[in-house]
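> model this:
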Amino acid sequence: MLFPERMVEITVLTVDDFLKPISDYLIKFGEFEVKTVTDKNASKLLKLKPKDNNENEKFSNLKTRLDKLSLAMKIDENKIKLTIEEREPLSIEDIERRLSKIENDFYTVTSAIEKIEKEALELRIKKLNHQITKELSFKNIPKEFFVTVIVVTKYDAGPIIKNLSSLPSIIEEIETFGDLSIILVALPQGYKSEIIKLSTSFIKFIDIANVITEDVNIKDIEEKLKDIELEKKKLTSTLDKIIETHTEEILTLYKGLWFVNSSMRIKNASIKGGKFIIFSGWIPEKHSKTVVEELKRITNDISVIELKNAKNLIKEDKNTIIPTKLNNPKMLRSFESLVKLYAIPRFYEIDPTVIFAVLYVIFYGMMFGDVGQGLVLSVVSALLFWKFKSFRVVAGLGIAVGLSAALFGFLYGSVFGVEEKIIPAMWTSPLHDVLKLMKVSILIGFIVIFIGLLFNIVNTVIEHNLPKLLLGSKGIPGLVFYTFLIGYPIYALVFGSSLNTNLMALGILIPLLMFVIESIIEAKKHNHDISPVAIFFELFEVFISFVSNTISFIRIAGFALNHTALMITFFSIAEVVKGGFIGDIIALFIIVFGQIFIIGFEGLIVGIQALRLSFYEFFTKFFRGGGKAFDPLK
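Numbering: from 1, shown residues only. Have a look, this model is predicted:
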């Protein structure tokens, strides 16, 4: 858990007939990151063929068609997103065949509905034109006016009416039909050209003068509209059944498409020569034996499989990028996300997720210690975690820190800002013993930075960097220097013992001498002049950083006190306005608002401060970062 999983590079040379079953297995296995094979890796394959992009084009085309169809069928986007995590072994030809059948069923019916809707629109307009020509005189429209009927979408109706209102016109929305709006527009003949200019944005534009002479049988039109409405109901019912029947099929095709995509990733990263193919990738070392045995079985042992660990690969090429696969329990995923926010550890260095999770929860709980508010934060986070999958990272964090805040609330004797009245303090009260909390905060700061320096020593040993280990300010001398500069006085302060000044002087001066030697070696290594002033400021910077980083932890006590003081402020304001029915209601509102404000706003501020202590006081002591996240087919 403290280190990322060990990764190995696997390279397979086999007959290209086995590529599909191999791809199927690796996709189901999931823990395989595709690595692009270069010509250098495949030097023994004599006849290299260029990659065939036809399959890529087919995939892109199928994806576009599936997206268009699912949008038309109004399939829930969240259901489609979930299919990414579930792949089904379908061939691109199978997806094409099944998709074409669904498209044929769906678009045949939708085309028929569109056709009869268009026919219905024409009949409705004819009916309206006839009614309008008979009623024009009753609408007080002068005979010399240009009268037209326009058909627009309901979405465009508002802006178009607003545009036409700027002209001396009479405008009336006379009917709506589905998503369409039918509008009567009358304006002086001199403005006819203005409305003609706008006509490109209309679905239909009808000059009433051209339809006055038309012979219209209203009874016949109404009969046809009834028939069309019945036919539309039948078609709509058929369409609903098609959507209901084929929704799961569409989701299955998406699963097959993701499977094809993963298979293409392997194929596109491989190199083919004649009947042979070579591909490569990364797998966790713990699975290597199983994977090799399975590949040999699939290929009937007609394959050459080579495994290389990170150490050997780095020896061959120092620029090789080894992916990092963090190895943490699912319950720590929220904290792992925060670690990745800072940086991704390199494949060999310590993964701080477990220690960070413990420290972050302690920091937060100490700064936000309250039983009631902590439990509210935890319950709200649990509801978010349960209801909204996209909020699970933040919600998981909220559950953990809320429980921590509740635990420290018991230690402080604080329930919804009321200290030591509802429950007694099991340890101490920030309000009544802030000095004790400050001492503990400083002690925690020392322990955290000490752990950071220990981690750095481990990382430095792994890197085989002897000068940094034996002479560096974050190596063994740095640990000794920090212990005697900060740890020893804190020990004496907390436990009330006397300082051995001679021992302390040796513990500080000997590491300082080591730092000077390192500075001289580094200057000679880079052909720089040895400057006593520069060396002095380097030593001064080490001294200041250790002292300031430790003092920074006083903010734990400061925010714990601030948390209590804020609640007291709201209680005091409520006490002032309290009195009478109205006053009591206002006082209650102030207290409730105060609780919500503290849980929301202060809870966020405390979270940021806990993150700052972790990132800048802890991570900077050992965290290299710069790793590349493992990107498996899963």
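> For the rest of this, base every contact and every neighbour count on C-alpha atoms.
OK.
> doesn't residue 631 make contact with residue 30?
No: the pair residue 30 / residue 631 is not scored as a contact, 10.0 Å apart, by C-alpha atoms under 8 Å.
> And the strands in the stretch 151-300 of the chain?
Under the criterion DSSP state E, counting those that start in this stretch, the stretch 151-300 of the chain carries strands at the ranges 170-177, 180-188, 204-207, 271-273, 276-284.
> need these in a markdown table with mean pLDDT and mean neighbour count, can you?
A markdown table is the format used below for the strands of the stretch 151-300 of the chain (pLDDT from 0 to 100; neighbours: other C-alpha atoms under 10 Å):
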| stretch | mean pLDDT | mean neighbour count |
| --- | --- | --- |
| strand 170-177 | 76 | 14 |
| strand 180-188 | 82 | 20 |
| strand 204-207 | 74 | 16 |
| strand 271-273 | 80 | 22 |
| strand 276-284 | 91 | 23 |
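> Pass me the low-pLDDT residue ranges in the stretch 201-350 of the chain, would you?
The stretch 201-350 of the chain contains residues with pLDDT under 70 at 208-216.
> if you set the cut-off to 80 instead, what comes out?
201, 203-219, 221, 272-274 (pLDDT under 80).
> ditto for the stretch 501-634 of the chain
The stretch 501-634 of the chain contains residues with pLDDT under 80 at 526, 528-529, 634.
> one more time with 90, if that's ok
501-502, 519, 521-538, 562-568, 575-584, 633-634 (pLDDT under 90).
> and if you look at the stretch 1-150 of the chain?
The low-confidence ranges in the stretch 1-150 of the chain, as defined by pLDDT under 90, are 1-2, 16-17, 19-20, 23-24, 27-28, 30, 36-60, 74, 76-93, 113-150.
> where exactly do the strands run in it?
Assigned by DSSP E, counting those that start in this stretch, the strands in the stretch 1-150 of the chain fall at 7-15, 33-35, 145-153.
> closest to residue 299 out of these?
Closest to residue 299 of these, according to C-alpha to C-alpha: strand 7-15, at 7.4 Å.
> what's the angle between the helix ranked longest in the chain and strand 276-284?
Determined from DSSP state H, the single longest helix within the chain is helix 218-268. Counting by axes from the mean of the first three to the mean of the last three C-alpha atoms, to 10 degrees, helix 218-268 lies at 90 degrees to strand 276-284.
> centre of the chain versus helix 218-268, how much separation?
32 Å (C-alpha atoms, centre = their mean, to the nearest Å).
> related to what we said a few turns ago, and residue 9, which of the strands of the stretch 151-300 of the chain is closest to it?
strand 276-284 (4.7 Å).
> what sits up against the closest one?
By C-alpha atoms under 8 Å, 6 or more residues apart in numbering, the residues outside strand 276-284 that reach it are 5-16, 19, 31-37, 42, 45, 266-267, 269-272, 323.
> Then stretch 360-380?
So stretch 360-380 is in contact with 398-410, 412-417, 556-561, 563, 595, 599, 603, 606-607, 610-611, 614, going by C-alpha under 8 Å, 6+ apart.
> Point out the ones among those residues that are inside helices.
398-410, 412, 556-561, 563, 595, 603, 606-607, 610-611.
> Provide the secondary structure category for residue 479.
Under DSSP: H, G, I helix; E, B strand; the rest coil, residue 479 falls in the helix class.
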